[in-house]
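S.K.: below is the sequence, then the predicted model.
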Amino acid sequence: MSDIKKIKDEYLNKLDTDLNIEGVNQIKTELFGKNGQISNFFKTLGSLQTDERKKFASELNSIKDELQEKINFKLHEIEIKEINSKLENEKIDVTLPEREINQGKIHPVSQVIDEISSIFSEIGFTVEEGPDIENEHYNFTALNTPDNHPARDMHDTFYLDNNKELLLRTHTSPVQVRTMLNGKPPFKIIAPGRTYRSDSDQTHSPMFHQVEGLHIDKNINMGHLKGCLNYFIKSFFEVDKIKMRFRPSHFPFTEPSAEVDIGYELKDGKIVIGDGDKWLEILGCGMVHPNVLKNVKVNPEEYQGYAFGIGIDRLGMLKYGINDLRAFFETDYRWLNHFGFDPLDVPSNYRGLSR
Amino acid sequence: MKFTVDWLKDHLDTKKNDNELIEKLTDVGLEVESFDNLSSDLESFKVAKIINAEKHPNADRLRICDVDIGEKNTVKVVCGAPNAKKNLLTVYAGPGSIIPKNNMKLTVSKIRGVTSYGMLCSESELNLSQESDGITELKSSHYSDKIGKNFFKNNTEKVVDLSITPNRPDCLGVRGVARDLAAAGAGKLKKISLKDIKKNGSQKIKVSITKDKNQGCTVFGSCLIEGVSNQESPQWLKEKIVSLGQKPISAIVDITNYVMLDLNRPLHAYDADKIDKQIIVRNSKKGETFKALDNKEYKLDDDMCVISDNSGVLGLGGIIGGTRSGTEIDTKNILLESAYFLPSSIRKTSKLLNIDTDAKFRFERGIDPQSIEIGLTKAAQLISEICGGKISKFDIQKTAKHEKNKIKFNISLFEKITGFKVKDKEIIEILTDLGFEISRKKFELDLKIPTWRPDITQPIDIVEEIVRIKGYSNIETLEPEKTRIKDTLNKQQKLFHFLQRSVASKGYFETVTWSFTDSKINTLFRENLKEIKIVNPISSDLDVLRNSIFSNLSFYLKKNLDRGFKDISLFEIGPIFKDSKPGQQLTVIGAIKSGKISRLNWKEKERLVDIFDAKKDVIQTLVEAGYNKQSFFIRDKSPSYYHPGKAGSVYLDKDDIEPVAYFGEIHPNIIKKLDIKTEGLVGFEIYLDYLKDNKVKLKDQKSNFEYSDYQKSERDFAFLVDKNYKAQDLIEIISSVDKNLIRSIKIFDVYEGENIPNDKKSIALNVTIQSSQKTLEESDLEKINKLIISTVESKSGAKIRS
């Protein structure tokens, strides 16, 4: 009896020492092999009295289980240790660069157009387009700017023929004319697109982008115009509050006409929209001139409404802190990378305009 | 349009300070461009006295002057003027001054070894006269006690610069501006006070307006002033002219300019002795010539409105006078003209001759036809005051009456347009202040429009007058309704935005380039499209509308390569032009990719970009846009700017006539011609207009979900085919063998070379076979195997390899 306890304690101690697999197997053989010490005790069971045998067998089995468990534990422990030490040798430098992914970019003009469309979508405007090449009639005459009107001089026009009949549109306003001629009121559209003027210096580019707005219905008045632009500017610049100023101005195709300034201040050399005591002109607008409505076969006695035109590039410059208009069109890879947007950044009403 | 506040106060009785006036101007729609001292540097010009002048040791013509500028010490100035003598009172400009004539900034400099601190100025350098022979000589009686004082008196006076819109010619004169301000409550408009002038005798030069067709002149008023002595203008007049940055010339010229700036009433003064007998206002005949005051000889066309005498053309009416009859300092008798010319006639003539003058600018916008006499009166009065002379009676020739236009204005229109109400009484006050004559009939006003407002023709114009004077700040801000009836974008627009982001997501940078380009580059990508020239291009290398997006992309690719970039992926989505009429344009995506894939990558092997990179991007973009790849068909035809053997076109369907896209390597000749230094260059184009509308909405696109859990089998085949045989055809043949069983086909090897005949190639494919009804047995597989081989061999002439 005391012999087996001694053996048990002896081997439990042995198994607590630092062993390798061979060492554990050696112990296994010494205990449970053919002439193993525990095996030998089992062989003696037959020679014992029933009562004594029962007791001894029970004790022997429990000791056997205990040792067996200890051996298995030890074997598992060694196995884990060996795997771990093997993995230790497989360690690589995880700071090496990942496989290449080429990040694409969306041009700021496209992003801003999407932002604008998203904002106007929410208040029921649809997007219309028109051709880049226009004829003199749609670009000027139908917009109440007859040939002998000095306002034509305000637009430095690119012409495609010597009769000055075909030209590159100088504004997006001809889309108003096309839309109204092709449909029936009410109209509630925006028309973003390329526009052209033969003007080129630090602040002018021969091509730029405008978005036209037009809302014609019964009883649409200047209050609606103010509300619409106020909503747009707040949404676009993602601010809660803006300072906006309507100034009387003149465009042949609207009457009354206005230019709109927004308040800003300079903070650390950057323009901050919303408050401040400086004014920045950002768009022209007004009530569509009755002559324009007559030209597109809309009865000005019955229908009225507003139109506006906004420089898209300029809006983008203000919102995203871009200083040079001409850089928009110079395809400098560094500039595109810096000011471009991730293609997954789709402006939308529910996700928000920008991150 | 410039004026000083003092000048404004000649017409406006006001207690408002400068800033309040400026704000009011903005509020009524007269945009203030600037409000500054004309030149803040004018303070640096001082009255000075030459204390001593001695010859420069190294230059005969130069003198070294000791100049008293009112400070403790005199300054040394080297001066080349012959009149720089001891005790002369003159004008000194210190270092840092900017000379008005040429905008040169003075510095302390050594002139032939002697240091000069500043400069003594001639009248010409100060823009006071043409006198440039010597330095300004100031009268000692007037200036001897002013040494060291500022020479320019009105240097503290600020100049307002307004940007006047084309509809407001009346505000091209100071009085018009004052009238608007008065109407808006900024003061009271003063009455024009004209002293009675003595008119003696009739105007002796006969004036007639001929009854030509499209005669551009309808009123010609004139008076003769005899026995004048033209001279320099008095100081007050000079200062008025100088305060606007203009040059005083002579009293007569300055007076006509002054009246023009003050009342927007252009006048012209002729030397009456140079007029041959009579004045005839008539249409020109083709070929007539005359020399204008800008010293240019103009050759006239038919039907331009000219002022002529018996010898020929004197001037272009309302545009520019001629040298033959111009006034000079010794002119004795003058004929003063105050006329009305039709804006359309002025505009036509000045455009044809390409002349831009102040008078033209004003007449083109519309001069008050009823200001003929007041202009003559004011100018004649000033001339006789300053230059003396006897004034004749006025001669007014008229071919048309210019009466006030009438308009009926329903008061309710105001609120209908602006959304807010103004009391009737206030409306009437505003309109009265603006010069309207009003008689009221219940809710309607009968209005007589002042003749200086040619822009006002209908009731809506009256609304604008009232709202701008009342103030736009009174307009309410009505919150927009958030309702949407129609889709924001149509299908084509959605496609545009989708493709744009789809291409960008494949690693391309979107760019926006001009719709015009260099014809020399354009022609390389033009194909059979028409070249569309711009008549007036911004520069000779931006002279045509682009026929392809590649012209600009390749131009800018080269620029970026020159910046040191090698692996560049660029695209643009935008218009290309087929012809020069509205609508003859297509919306196209053009994309290019240069250099290498995985350049200098520690993990991946680097390689040149090739056609299959372009093909991958174009196909995947179309798939993402919702087109079915299974029905795509590729042909090896492509435009000539692609590599003839390494480019193709994509058709959405085999039977389509137009391809929707091209892809491939760019033609090496073009790369060479444009001197693009890159290892590899591929590109693709997608034509949005040829992409068929995907009529099925996403919600209806999904078919029933069917799948098979039965065992899949894979079989490999290698076929020997003709070298020109297309893989696309091979795949089509195999898939048609049994559409139910053959699930996918992959080409895993294409081989030419050893063990293969020269005119053949080997294509190896992996075919996945699976039934949706049962697990296929070996015999079923064997059957389909054989069928594949026999079908391919019979349809394509291919041979199975071993």
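M.R.: Received it, and whenever you're ready, just let me know what you need.

S.K.: break chain B down into its structural domains.
M.R.: B:2-38+B:157-189, B:40-156, B:206-398, B:406-472, B:491-690, B:707-800 (automatic domain parsing).

S.K.: that's a strand at A:Pro248, yeah?
M.R.: Yes: under DSSP: H, G, I helix; E, B strand; the rest coil, A:Pro248 falls within a strand.

S.K.: the residue nearest to it when sequence neighbours are not counted: how many residues sit nearby?
M.R.: Distances taken as Cβ to Cβ, 6 or more residues apart in numbering or on different chains put B:Gly29 closest to A:Pro248, at 2.8 Å, once the chain neighbours are dropped. Quick note: C-beta positions are derived from backbone N, CA and C, even for glycine. Using other Cβ atoms under 10 Å in any protein chain shown, B:Gly29 has 27 neighbouring residues.

S.K.: contacting residues for B:Gly29?
M.R.: By Cβ atoms under 8 Å, 6 or more residues apart in numbering or on different chains, the contact set of B:Gly29 is A:Arg247, A:Pro248, A:Ser249, A:His250, B:Thr165, B:Arg168, B:Arg468.

S.K.: my guess is the fourth one contacts A:Ser257, does it?
M.R.: Yes: because the distance of 5.3 Å satisfies Cβ atoms under 8 Å, A:His250 is recorded as touching A:Ser257.

S.K.: export the domains of chain B to a markdown table and tack on mean pLDDT and distance to A:Lys70?
M.R.: Formatted as a markdown table, those follow (pLDDT from 0 to 100; distance: least, Cβ to Cβ, whole Å):
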| stretch | mean pLDDT | distance to A:Lys70 |
| --- | --- | --- |
| domain B:2-38+B:157-189 | 91 | 96 |
| domain B:40-156 | 83 | 99 |
| domain B:206-398 | 93 | 107 |
| domain B:406-472 | 96 | 93 |
| domain B:491-690 | 95 | 47 |
| domain B:707-800 | 93 | 48 |
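
S.K.: how about these in JSON lines, adding distance to A:Glu59?
M.R.: Output for the domains of chain B, formatted as JSON lines (distance: least, Cβ to Cβ, whole Å):
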{"stretch": "domain B:2-38+B:157-189", "distance to A:Glu59": "109"}
{"stretch": "domain B:40-156", "distance to A:Glu59": "114"}
{"stretch": "domain B:206-398", "distance to A:Glu59": "121"}
{"stretch": "domain B:406-472", "distance to A:Glu59": "104"}
{"stretch": "domain B:491-690", "distance to A:Glu59": "63"}
{"stretch": "domain B:707-800", "distance to A:Glu59": "57"}
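
S.K.: nearest spatial neighbour of the residue of the stretch 1-150 of chain A found nearest chain B, skipping sequence neighbours?
M.R.: Nearest residue of the stretch 1-150 of chain A to chain B: A:Asn102, at 2.8 Å (Cβ to the nearest Cβ). If you skip the residues right next to it in sequence, A:Asn102 has B:Gly507 as its closest partner in space, 2.8 Å away by Cβ to Cβ, 6+ apart.

S.K.: over to B:Phe719?
M.R.: B:Ala798 (4.1 Å).

S.K.: what's the burial count for the one you found?
M.R.: 23.

S.K.: show me which residues of the stretch 1-150 of chain A are close to chain B?
M.R.: Proximity of the stretch 1-150 of chain A to chain B is confined to A:96-97, A:99-107, A:109-110, A:114, A:117, A:120-127, A:129, A:131-135, A:138, A:148-150 under the rule Cβ under 8 Å from any Cβ of the partner chain.

S.K.: from the residues you listed, which ones fall inside strands?
M.R.: A:Thr126, A:Val127, A:Ile133, A:Glu134, A:Asn135 (DSSP state E).

S.K.: top of the residues you listed by number of neighbours, please.
M.R.: A:Glu134 (27 neighbours).

S.K.: look at the nearest residue to that residue once chain neighbours are set aside and say how many residues are nearby.
M.R.: If the residues on either side of it in the chain are set aside, A:Glu134 comes closest to A:Arg169, at 4.2 Å by Cβ to Cβ, 6+ apart. A:Arg169 has 26 neighbouring residues, counting by other Cβ under 10 Å.

S.K.: that's all I had, so thanks and see you.
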